[in-house]
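1. Predicted structure and sequence below. I'll ask about it afterward.
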Amino acid sequence: MPADRLFLVRHGQTASNVTQTLGASHDDPLDAVGEEQARAVAAHLAGLKLSAPAVYASPFRRAQQTAQAIADALGVPMTVLPGIQEIEVGPQWHGRPYAHLVSHAHELDLPGGAFGFAGGETLDGVAGRFLAALEVPLTAPGTPIVVSHGGALTAVLARLLGLEIRALWQDQRYAHANTAVTELRREAQTWRAVRLADQTHVSAAPSK
């Protein structure tokens, strides 16, 4: 039976998240806080006692580190899933602050009506590759847990929930902080958000 429940998770904190700059390397690792966040989200997901969980990660190091913590807590393997990596922002946006994604969102309106990054990827293109990558996890039995990135998650959520990407991009409810969890349920052929960018597991985790 195809999966009717899907968990989307953003990776834990990295140095570029702290500096709030775009265009982090694919090899950007979790920092100490990110490692603690990964353990917290792993414990949270393990506590849900999910049916046949299957853990997938973007090819980027920070996502794989987060996913591995989750997989270890669940006692299952972690699978790298090409196609769910972060948006390529291109040279014009590389190194710019995260704040520009909202304050300069008009720059994302591209010729021809596309919405995305000049010299990089469009949001529609990211959603397309992400959905193509999800085809196998969503048709396999079990409960997929997919660890990805903030921008890519926004793009694919717009497509899964049937929302207009420009409006969703400006709506902070869809912005995933580090290790935030979105849970979707499929009803007939429609996905519905049960919880959105939830991070209560991080605030509830004991400090060390």
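-> Looks like it came in fine. In this text, all values refer to a predicted model and were calculated from it rather than measured experimentally.

2. quick one: low-confidence ranges for this structure?
-> Scanning the chain for pLDDT under 70 picks out the ranges 1, 205-208.

3. Which strand in it has the most residues?
-> Criterion DSSP state E: the longest strand present in the chain is strand 190-198.

4. residues of that strand that come out buried?
-> Buried residues in strand 190-198, counting neighbours by 16 or more other Cβ atoms under 10 Å, are found at 191, 193, 196-198. (C-beta placed from N, C-alpha, C; glycine too.)

5. so what strands line up beside that strand?
-> Take DSSP bridges as the rule and strand 190-198 pairs in its sheet with strand 181-187 (antiparallel).

6. which residues make contact with the partner strand from outside it?
-> 2-9, 41, 44-45, 153, 157, 160, 176, 191-199, 201 (Cβ atoms under 8 Å, 6 or more residues apart in numbering).

7. Dump it to PDB, keeping only the CA atoms.
-> Extracted in PDB, the C-alpha atoms of strand 181-187 (Å, rounded to 0.1, in the frame of the first residue of the first chain):
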ATOM      1  CA  VAL A 181       9.000  18.700  11.400                       C
ATOM      2  CA  THR A 182       6.100  18.800   9.000                       C
ATOM      3  CA  GLU A 183       3.700  15.800   9.000                       C
ATOM      4  CA  LEU A 184       1.400  15.200   6.100                       C
ATOM      5  CA  ARG A 185      -1.500  12.800   5.700                       C
ATOM      6  CA  ARG A 186      -2.800  11.600   2.300                       C
ATOM      7  CA  GLU A 187      -6.600  11.500   2.000                       C
END
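
8. now it: how far from the chain's centre is it?
-> Counting by Cα atoms, centre = their mean, to the nearest Å, strand 181-187 is centred 13 Å from the centre of its parent chain.

9. same question, stretch 163-177
-> Using Cα atoms, centre = their mean, the offset of stretch 163-177 from its chain centre is 13 Å.

10. Span of it from start to end?
-> 20 Å (Cα to Cα, to the nearest Å).

11. same thing with stretch 180-195?
-> Termini of stretch 180-195 sit 10 Å apart (Cα to Cα).

12. so Thr66 touches Gly34, yeah?
-> Yes: using Cβ atoms under 8 Å, Thr66 is in contact with Gly34, at 7.5 Å.
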